[in-house]
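In: Mind looking at a prediction? Sequence and model below.
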Amino acid sequence: CDSCYGPIEGHASKHVRVVKRMQPGALDARYGPTRPLQWGQLNVLHTSDTHGWLSGHIKEANYGADWGDYVSFVSSMKSTAESLGVDLLLVDSGDLHDGTGLSDSTTPNGEISNEIFVKQTKYDLLTIGNHELYASEVAYQTFNNFSRAWGDKYLTSNVEIMNPETQEWEHVGKTHKYFTTKHGLRIMAFGVLFDFSANTNASRITKAADMVKQDWFQQAIHHPEPIDVFLVLGHNSARPGRQASTMKTVYSAIREAHPNTPIQIFGGHSHMRDFVVYDQSSTASESGRYCESLGWFSMSGFNSSTSGFTGPLNPKGVPNPNRTATRGERNTPPFLYSRRYLDWNRLTFDYHAPGSQFLHNSIAHSHPNLISSPSASNTSFQLKQQGAQVSSSITSYRQQLGLGKVYGCVPQTFWVTGVPFMAPNSMYTFLADAMAHQIVNPKRAKIPRVHISNTGMARFDLHKGPFTMDDSYITSPFPSLVVYIPEVPWEKAKGVLERMNKKGAGQGRRVEYNTTSTGAPKKVLGKREEIMGVPVGNGGGRKQEVLEVGYTTEDDFGVDGDDTVHEKIAKYEIPGYFGTTAGFPEWKKGGRKGRKQEPRVVDLVFNDFINDDLLAALGGNYTAEDIKFYMEPSNYTLRDFLVPYVEQNWQEGMPRCEISGLRPIVG
Ligand SMILES: O=c1ccn([C@@H]2O[C@H](COP(=O)(O)O)[C@@H](O)[C@H]2O)c(=O)[nH]1
């Protein structure tokens, strides 16, 4: 099969085996959690920044579960909540696009991944991310389809879109939602995006500081019916001061009107695991990225005289939240909290929701109707079946989209931040080389080039193993056009990269063009290799001797938030931009051997997401009019150079590339 990636005899993967659920070829985690979750009165499972990773991480054992495995887990957890007599809410903080082939190889992107996201997943509240707003077609898809599918659960308190039918600005979703949970908690919820400014001008974002003054917000916080807890979702960092977070602004506006009411914040955007104490009855969670992490939050302390909660103070037979959100204050409120960051794999899901996952079973994933377990109850069977159908549909979509097609073998893992910037195995060393080789217009090949790109164009590490169509999107998902300014004097061009990095990366902007335009772009809308990896079974309280690298989180509650214990992964700073020179004459005529010749002029080649930052650093009299399409055809994007590079340079080991499956200790 040349269009699939997985456990098929004769196929490139070394791991020839048959699994049910997860995606074919995906690996099982070697070890998992050892402590049950603490259940309170209000419990929340939280996702954020999924960016299309619904197939799971096929090359990484620790994050190998797919959306189907997750669906079964959530169903099982909802049943547990029901039997404990408490509430479990499922919330998402946005950014569903730009990260994998499943989300980005369709037109518009998200066409299939959104459908999978919506279909079986019982979210209670969701909000919008900046990646839903870079391109107008994605913004309209979010407005017309995603938002409508979720109805009043989709909260976009400060994000509007121009409704083409009414020619009026309209919120993409709802501004807020007041509701009562199954067990009587009266909740007022908001969804607030950070002050994002690189959005398509078919949309508009109200700064949080202005939003909190708007009538609807003031009316919502002064709602006539009782409010037991405020939930503030946001694609917006949980921690004040990080990544332009405006959560504190929203929190302060609510606190002013409600000095003691719990305010629970579920943030996103910074791609981190984090937990922040705002005050004695307000905390904020952030739950990572890319379907690597699933956040767990719980609290208790609601009683019948101060809230509408009808269930038990502490659910029985399970651990309960036991930490106060205090910094030594007296007269603390009655609220107790817990938080946990779960690794996204079936071992985790089955540990916390026993029987929800198919583990170590040998019936083909593609025949979910054959799946049964003699010991499984009917309910357990049904919930497994539900997820199995989702997993199967992901598998068939992947086949339709050709995402498993293998183009070559990645010889070693290339890291975005896992090794020093521009080290031999840095993602940017590889990308600079691939750009220099592939991004050449034959008609201008004799003119030396300077390639510059934003480091943010690369979204994820490129793991050793088969290089598939999916990996091409995972590495470079953005459809930014390759553009250039011809024949820039070398004296002007040579300092541009350094100046851009000194200034730091701006928010960038997706440029939208008339599809027929040629020449100057015209805007249409304004603007570890395996470490002795011995399988250790299901966690079960056993001390894990050999740790794999992964998340080691320190937050306001300390260092015990990670559900599965890991060795710390290296993380290095990277600048906003990287680049390389290409096509420079090797030797100066008549000069000393080994001395590079400085050209008189160069073609300055970059991508149109960074037009503004590049022009600013170039200075002089250059304007947008000087920017032309570099490649032919002119619609050549950053998605187009990797596959040919791999086909030409990475054929060693084909067709049986090896997968390491674990993150090596690096650095
Ligand atoms: O068209 C695009 C859009 C975005 N980027 C890069 O992505 C980051 C933002 O991603 P988050 O997940 O929201 O952090 C942005 O800063 C750009 O570096 C891009 O390159 N092209």
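Out: Good, I have the coordinates. Residues are numbered from 1 along each chain as shown.
In: packing partners for the lengthiest helix in the chain?
Out: Taking DSSP state H as the criterion, the chain has its longest helix at helix 378-401. On a contact count with 3 or more Cβ pairs under 8 Å, 6 or more residues apart in numbering; DSSP states H and E, helix 378-401 meets helix 67-84, helix 101-104, helix 113-119. Where you see a C-beta, it was placed from the backbone N, CA and C, and this is true even at glycine.
In: Give me the distance between K494 and D562.
Out: Separation of K494 from D562 (Cβ to Cβ, to the nearest Å): 45 Å.
In: So if I had to pick from those two, which one is more boxed in?
Out: D562 (20 against 15; other Cβ atoms under 10 Å).
In: Who is the more buried one paired with across the strands?
Out: Residues in a beta bridge with D562, per DSSP bridges, are Y341.
In: In contact with it, which residues?
Out: R273, R340, Y341, D343, G550, Y551, T552, T553 (Cβ atoms under 8 Å, 6 or more residues apart in numbering).
In: residues touching the spatially closest residue to the second one that is not a sequence neighbour, list them.
Out: If I follow you right, that is R340. In space, and not counting its chain neighbours, R340 is closest to W296: 4.1 Å by Cβ to Cβ, 6 or more residues apart in numbering. Shown in contact with W296 (Cβ under 8 Å, 6+ apart): L37, N43, V44, L45, H46, S338, R339, R340, Y341, L342, D563.
In: and which of the contacts of D562 is nearest to R323?
Out: R340 (11.9 Å; Cβ to Cβ).
In: Quick check, the residue in this protein closest to the ligand?
Out: Distance from the ligand to each residue of the chain (Cβ to the nearest ligand atom) is smallest for G456, at 1.8 Å.
In: Now do the longest helix of the chain against helix 67-84, angle only.
Out: With axes from the mean of the first three to the mean of the last three Cα atoms, to 10 degrees applied, the angle from helix 378-401 to helix 67-84 works out at 160 degrees.
In: Would you mind putting the CA coordinates of helix 378-401 into PDB?
Out: Output of helix 378-401 as PDB, limited to C-alpha atoms (Å, rounded to 0.1, in the frame of the first residue of the first chain):
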ATOM      1  CA  ASN A 378     -22.100  -3.900  27.400                       C
ATOM      2  CA  THR A 379     -21.500  -0.300  28.400                       C
ATOM      3  CA  SER A 380     -17.700  -0.700  28.200                       C
ATOM      4  CA  PHE A 381     -18.100  -2.300  24.800                       C
ATOM      5  CA  GLN A 382     -20.300   0.500  23.600                       C
ATOM      6  CA  LEU A 383     -17.900   3.200  24.700                       C
ATOM      7  CA  LYS A 384     -14.900   1.400  23.200                       C
ATOM      8  CA  GLN A 385     -16.900   1.000  20.000                       C
ATOM      9  CA  GLN A 386     -17.700   4.600  19.800                       C
ATOM     10  CA  GLY A 387     -14.100   5.600  19.900                       C
ATOM     11  CA  ALA A 388     -13.100   2.800  17.500                       C
ATOM     12  CA  GLN A 389     -15.400   4.200  14.900                       C
ATOM     13  CA  VAL A 390     -13.800   7.600  15.200                       C
ATOM     14  CA  SER A 391     -10.400   6.000  15.000                       C
ATOM     15  CA  SER A 392     -11.400   4.100  11.900                       C
ATOM     16  CA  SER A 393     -12.800   7.200  10.200                       C
ATOM     17  CA  ILE A 394      -9.500   9.000  10.900                       C
ATOM     18  CA  THR A 395      -7.600   6.100   9.300                       C
ATOM     19  CA  SER A 396      -9.800   6.200   6.200                       C
ATOM     20  CA  TYR A 397      -9.500  10.000   5.900                       C
ATOM     21  CA  ARG A 398      -5.700   9.700   6.200                       C
ATOM     22  CA  GLN A 399      -5.800   7.200   3.400                       C
ATOM     23  CA  GLN A 400      -8.000   9.500   1.200                       C
ATOM     24  CA  LEU A 401      -5.600  12.400   1.800                       C
END
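In: Now find how far off-centre whatever helix or strand comes next after it is within its chain.
Out: For helix 378-401, the following helix or strand on the C-terminal side (DSSP states H and E) is strand 406-410. Remark: strand 406-410 is offset 24 Å from the chain centroid, using Cα atoms, centre = their mean, to the nearest Å.
In: again, but for stretch 57-75
Out: Taking mean C-alpha positions (Cα atoms, centre = their mean), stretch 57-75 and its chain are 14 Å apart.
In: near the ligand, which residues of this protein?
Out: Contact residues, the chain versus the ligand (Cβ under 6 Å from any ligand atom): 95, 130-131, 134, 269, 454, 456-457, 478, 480, 508, 510, 609.
In: which ones among these are found in strands?
Out: Among the residues of the chain next to the ligand, the subset assigned to strands under DSSP state E consists of N454.
In: where does the protein have low pLDDT?
Out: 1-21, 327-331, 360-378, 514-545, 587-596, 660-667 (pLDDT under 70).
In: need the strands for the stretch 151-300 of the chain, in chain order.
Out: For the stretch 151-300 of the chain, the strands defined by DSSP state E, counting those that start in this stretch cover 154-155, 159-163, 168-171, 176-180, 186-191, 203-205, 229-233, 263-267, 273-279, 282-287, 293-300.
In: can you list these in CSV and add distance to A61?
Out: Listed next are the strands of the stretch 151-300 of the chain as CSV, based on distance: least, Cβ to Cβ, whole Å:
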stretch, distance to A61
strand 154-155, 34
strand 159-163, 37
strand 168-171, 42
strand 176-180, 38
strand 186-191, 34
strand 203-205, 39
strand 229-233, 31
strand 263-267, 28
strand 273-279, 19
strand 282-287, 20
strand 293-300, 15
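In: closest one to D28 among those strands?
Out: strand 293-300 (17.0 Å).
In: what angle sits between that closest one and strand 282-287?
Out: 160 degrees.
In: Tell me the buried residues in stretch 344-358?
Out: 344-353, 355-358 (16 or more other Cβ atoms under 10 Å).
In: Those: which two are farthest apart?
Out: Longest span within these, Cβ to Cβ: W344 and G355, 18.7 Å.
In: Which one (most neighbours) among the contacts of D562?
Out: D343 (27 neighbours).
In: Please name the nearest non-neighbouring residue to that residue.
Out: T564 is the one closest to D343 (Cβ to Cβ, 6+ apart), at 4.7 Å.
In: Measure how buried that neighbour is and give me the count.
Out: So T564, with other Cβ under 10 Å, has 24 neighbours.
In: Tell me the secondary structure at it.
Out: What DSSP: H, G, I helix; E, B strand; the rest coil gives for T564 is coil.
In: That one and H352 touch, don't they?
Out: No: the criterion here is Cβ atoms under 8 Å, and T564 misses it with H352 at 11.2 Å.
In: before we move on, the earlier item: can you add distance to A423 and give the contacts of W296 back as TSV?
Out: As requested, the contacts of W296 are exported to TSV (distance: Cβ to Cβ, whole Å):
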residue	distance to A423
L37	39
N43	43
V44	39
L45	37
H46	34
S338	39
R339	35
R340	34
Y341	28
L342	31
D563	31
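In: Now for those, which sits with the most neighbours around it?
Out: Ranking these using other Cβ under 10 Å puts R339 first, with 28 neighbours.
In: Give me the distance between it and M211.
Out: 27 Å.
In: Give the burial count for the nearest residue to K443 once chain neighbours are set aside, as a bare number.
Out: With Cβ to Cβ, 6+ apart as the criterion, K443 has its nearest non-adjacent residue at 7.7 Å, and that residue is E632. By other Cβ under 10 Å, 10 other residues sit near E632.
In: same question, Q214
Out: 14.
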